[in-house]
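Q: following is a predicted model, sequence given first.
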Protein chains: 2
Amino acid sequence: MNDLIETLLSRSARNIKPSPIREILHVIRQPGMISFAGGMPDPDIFPVAQFYEASSIIAREGKDILQYGTTEGYPPLKDFLSTWNTPKMGRKIQPDEILITTGSSQVIDLLSWALLDEGDYVVCEEPTFLGATGTMHNHGAKFLTVPCDEDGMMVDLLPDIIEKAISEGKKIKFIYTIVNFHNPLGCDLSLDRRKKLLAIAKEYGIVILEDDPYGHLRFEGEDVPSIFSMDRDGLVIFACSFSKILAPGTRVAWCAGNRDLIRKMAIFKQGIDTCTSVVAQSIVYEYCRLGHLEAFLPKIIEHYRKKRDQMEAALNTHLPLDKISWLKPKGGFFYWMTTAPGIPADKLLQRALEKKVAFVLGNAFYPTGVGGTNNFRMCFTFASPEMTETGIVRLGEAIREMI
Amino acid sequence: MNDLIETLLSRSARNIKPSPIREILHVIRQPGMISFAGGMPDPDIFPVAQFYEASSIIAREGKDILQYGTTEGYPPLKDFLSTWNTPKMGRKIQPDEILITTGSSQVIDLLSWALLDEGDYVVCEEPTFLGATGTMHNHGAKFLTVPCDEDGMMVDLLPDIIEKAISEGKKIKFIYTIVNFHNPLGCDLSLDRRKKLLAIAKEYGIVILEDDPYGHLRFEGEDVPSIFSMDRDGLVIFACSFSKILAPGTRVAWCAGNRDLIRKMAIFKQGIDTCTSVVAQSIVYEYCRLGHLEAFLPKIIEHYRKKRDQMEAALNTHLPLDKISWLKPKGGFFYWMTTAPGIPADKLLQRALEKKVAFVLGNAFYPTGVGGTNNFRMCFTFASPEMTETGIVRLGEAIREMI
């Protein structure tokens, strides 16, 4: 490394957290590797023809689409979302309550810009989506973590956690929660807990970031109302994305919430990327306008339900059931696996990689760095049925070698 | 405003700088307003048909394009840029020296993430692009400003400025310079000054961010070698964009430089937006691959040269030449106007807005907030010939009313 650059880089105090998937990317990309690591959609289900059809909007509206867009988002897409989101939101949200973002990671970045000062605290589930806490960490956030069970965040523990933090002089700025088909846990936050969480947020004056990238991908059971839909105090920022319900390569996501907070986030977005690609936004809009989103959702749900069922069957067939357990997810992308004592996940990953199968260590999802040593996350949406079968066979072999 | 949100927003110490254009946007959008304010391309010259043709890559490569992309950028586009940039860069840069970004504002955001700690200093021209210093300001940057003349930054003043800052314990992290057709000044940094600036950066161990969004839009004269092309020490990050040479609605830009710095910037980008829209990147790539970029550049240069000439003629015809002066730009987007004493720019703007013509106050481009009171910036690329003529007539009237 260039000495001067090395000095400059080390001089910066920012203690960046690279993604653990990024760290093992060179391993995942080895020929023959079967990866359950990344949280990626199945490219075989992408609606390529319909999306290309939608790109014809370029020919019609090119002069607008190729110009700088407004930072807040492409107005026709905001209008579409304001109506389309009504069932989730519990009411028709207005366009000025919506901010279109470059992926929903950007929602986390922008909310952090808007609310966090160095050393401020964020409440989150433990484990939680490491991309989110990594970004907040870059903004100087510290974390108050709440354990989870199969109904999500154990909200009853939260008041004591908050009281203790306040008594220690800690400033809590927002609560980060993934309400549906949690990443990495796969579980849902129950209705009762959603209500309690909102009441707690109101009592202590804390914003809730309700992250819901997977909520539209429910394979069974009834939708649980969003926290946003129960909020009468403008405390909830709701984040969703086209990444999982259409395609992540668009990098088009959105959030909705209190106008003042949305406005402040937009001012930061102005300095960060001016606006989300209008080319991408307009094609996504046209795709929706043509009715393709509504037609595609049942297909993708059915497709992923089958993949979940196939993964579930493979797990039950090929793994030693006394040494590993899991909760069957009702939607989303992920299985969260728990190994028996004596089978630490990091040792298992070593063996698995030798057999050319990859997953993400549970520990990576613990923002405090402590926990998840007997857990790992597997994505069931990406790998083909054949790869899933083979991968789980290999995983079973790796576990049996450790017994 | 919601009281709770108001409290939360004001609790945050971040002192955001909204763009002054954003602040007067509601005025600029008034019916009948002729705006020279925004730095926007002429939508009439956008290559809509060719760009739509390029979108056919979606039909062919949809499965890749719709998936998450690598944070560093769409590989075919990086390969294209590595060759295409050779004349500017002085050598064929390698793909791992390139990072594709969501507009070149993101280069500034990412470099600030990589290098700046709260209170660090950035050297910049005064005046300079307010979007850049606004973003750096959000990252806690302070500024050491260097005055400019018609050859750009007065580099000979820099060693004393740096020595003084160092003696005061200030940490200087990078030098921000817009080398060609400066925003807002319209001038070029001379070759001699580029060499001196690089030598100074090397002597003091400071990175240079060479921002060059306008360099391809030269109407006359010879290209001046980039600072990057003279750098043997990996100190220069070169930033360029498709915004001005193709279309800003793509939000596709890039930077090139030292691999370690590029890698660190990419890790931050991972947390901010995962990757730049692959949909937008791939269409831009296909547009370039089909040869449209090469074919379009001479057209856009000719188009903007004519607009510059028309603006120049209108200024000379309709303005009182003893009360206002300017330097005819040899490329780019902007005129920097200097009014005579007794005609402060803010008072002139008030009168101009009453006559429905808008521009940006010079003071907005001074990161210290002091200066530019008798200056304003006008963009000559956006307004139609008729609007330019009418707008300058109105501006002349406004000035004459103040004499």
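A: Looks like it came in fine.
Q: going by C-alpha atoms from here, please, whenever you check contacts or count neighbours.
A: Fine.
Q: what element comes up after the lowest-mean-pLDDT helix or strand in chain A heading to the C-terminus?
A: None of the helices or strands of chain A scores lower by mean pLDDT, DSSP states H and E than helix A:20-23, at a mean of 66. Counting by DSSP states H and E, the next helix or strand C-terminal to helix A:20-23 is helix A:25-28.
Q: could you point out the helix or strand that follows that next one?
A: Going down the chain from helix A:25-28, the next helix or strand is strand A:34-35, by DSSP H and E.
Q: neighbours around A:M265, how many?
A: 24 (other CA atoms under 10 Å in any protein chain shown).
Q: in a helix, it, correct?
A: Yes. A:M265 forms part of a helix when assessed by DSSP: H, G, I helix; E, B strand; the rest coil.
Q: can you tell me how far the nearest residue to it once chain neighbours are set aside sits from A:K299?
A: Among residues not flanking A:M265 along the chain, A:L110 sits closest, at 5.3 Å (CA to CA, 6 or more residues apart in numbering or on different chains). To A:K299, A:L110 is 33 Å away according to CA to CA, to the nearest Å.
Q: now do the helix or strand where A:T317 lies: which elements does it pack against?
A: Using DSSP H and E, the element containing A:T317 is helix A:292-318. The contact analysis (3 or more CA pairs under 8 Å, 6 or more residues apart in numbering or on different chains; DSSP states H and E) places helix A:292-318 against helix A:385-402.
Q: output the contacting helices and strands for the helix it packs on.
A: The contact analysis (3+ CA pairs under 8 Å, 6+ apart) places helix A:385-402 against strand A:34-35, helix A:292-318, helix A:345-354, strand A:357-358.
Q: could you dump the ones you listed to JSON lines with mean pLDDT and mean neighbour count?
A: Formatted as JSON lines, the helices and strands packed on helix A:385-402 follow (pLDDT from 0 to 100; neighbours: other CA atoms under 10 Å in any protein chain shown):
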{"stretch": "strand A:34-35", "mean pLDDT": "96", "mean neighbour count": "24"}
{"stretch": "helix A:292-318", "mean pLDDT": "98", "mean neighbour count": "17"}
{"stretch": "helix A:345-354", "mean pLDDT": "96", "mean neighbour count": "19"}
{"stretch": "strand A:357-358", "mean pLDDT": "96", "mean neighbour count": "26"}
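Q: can you redo those as a markdown table with distance to A:R232?
A: What follows is the helices and strands packed on helix A:385-402, written out as a markdown table (distance: least, CA to CA, whole Å):
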| stretch | distance to A:R232 |
| --- | --- |
| strand A:34-35 | 43 |
| helix A:292-318 | 29 |
| helix A:345-354 | 43 |
| strand A:357-358 | 44 |
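Q: out of those, nearest to B:L246?
A: helix A:292-318 (29.6 Å; CA to CA).
Q: so what angle separates the directions of that closest one and helix A:385-402?
A: Counting by axes from the mean of the first three to the mean of the last three CA atoms, to 10 degrees, helix A:292-318 lies at 30 degrees to helix A:385-402.
Q: what's the next secondary structure element after helix A:292-318?
A: Moving toward the C-terminus from helix A:292-318, the next helix or strand (DSSP H and E) is strand A:324-326.
Q: partners of that following strand, with directions?
A: Sheet pairing of strand A:324-326 (DSSP bridges) gives strand A:334-339 (antiparallel).
Q: can you count the residues close to the residue in the stretch 151-300 of chain A that chain B sits nearest to?
A: Nearest residue of the stretch 151-300 of chain A to chain B (CA to the nearest CA) works out as A:G249 at 4.1 Å. For A:G249, the tally of surrounding residues (other CA under 10 Å) stands at 27.
Q: would you check that it makes contact with A:S243?
A: Yes. Here A:G249 reaches A:S243: they are 7.2 Å apart, a contact under CA atoms under 8 Å.
Q: so A:K328 makes contact with A:E312?
A: Yes. The pair A:K328 / A:E312 is scored as a contact, 7.2 Å apart, by CA under 8 Å.
Q: residues contacting the nearest residue to the residue of the stretch 151-300 of chain A closest to chain B once chain neighbours are set aside?
A: Closest residue to A:G249 apart from its sequence neighbours, by CA to CA, 6+ apart: B:L66 at 4.1 Å. B:L66 is in contact with A:43, A:46, A:48, A:247-250, B:278-279, counting by CA atoms under 8 Å, 6 or more residues apart in numbering or on different chains.
Q: and B:L66, how far is that from B:A239?
A: Between B:L66 and B:A239 the computed distance is 26 Å (CA to CA).
Q: with A:F365 instead?
A: Per CA to CA, A:F365 is found 35 Å from B:A239.
Q: equivalent analysis for A:V207, please.
A: In this view, A:V207 and B:A239 are 37 Å apart by CA to CA.
Q: higher neighbour count, these two?
A: Set A:V207 next to B:A239 and count neighbours by other CA under 10 Å: B:A239 wins out with 27 against 24.
Q: confirm for me that the more buried one is in contact with B:I208.
A: No. With contact defined as CA under 8 Å, B:A239 does not count as touching B:I208 (10.6 Å).
Q: so what's A:A340 scoring on pLDDT?
A: Looking at A:A340, its pLDDT stands at 97.
Q: number of nearby residues for it?
A: Neighbourhood size, A:A340 [other CA under 10 Å]: 15.
Q: let me see the contact set for A:K173.
A: Neighbour list for A:K173: A:115-116, A:120-122, A:206-207, B:8 [criterion: CA under 8 Å, 6+ apart].
Q: tell me the most packed of those, by neighbour count.
A: The residue in these with the most neighbours, by other CA under 10 Å, is A:L116 (27 neighbours).
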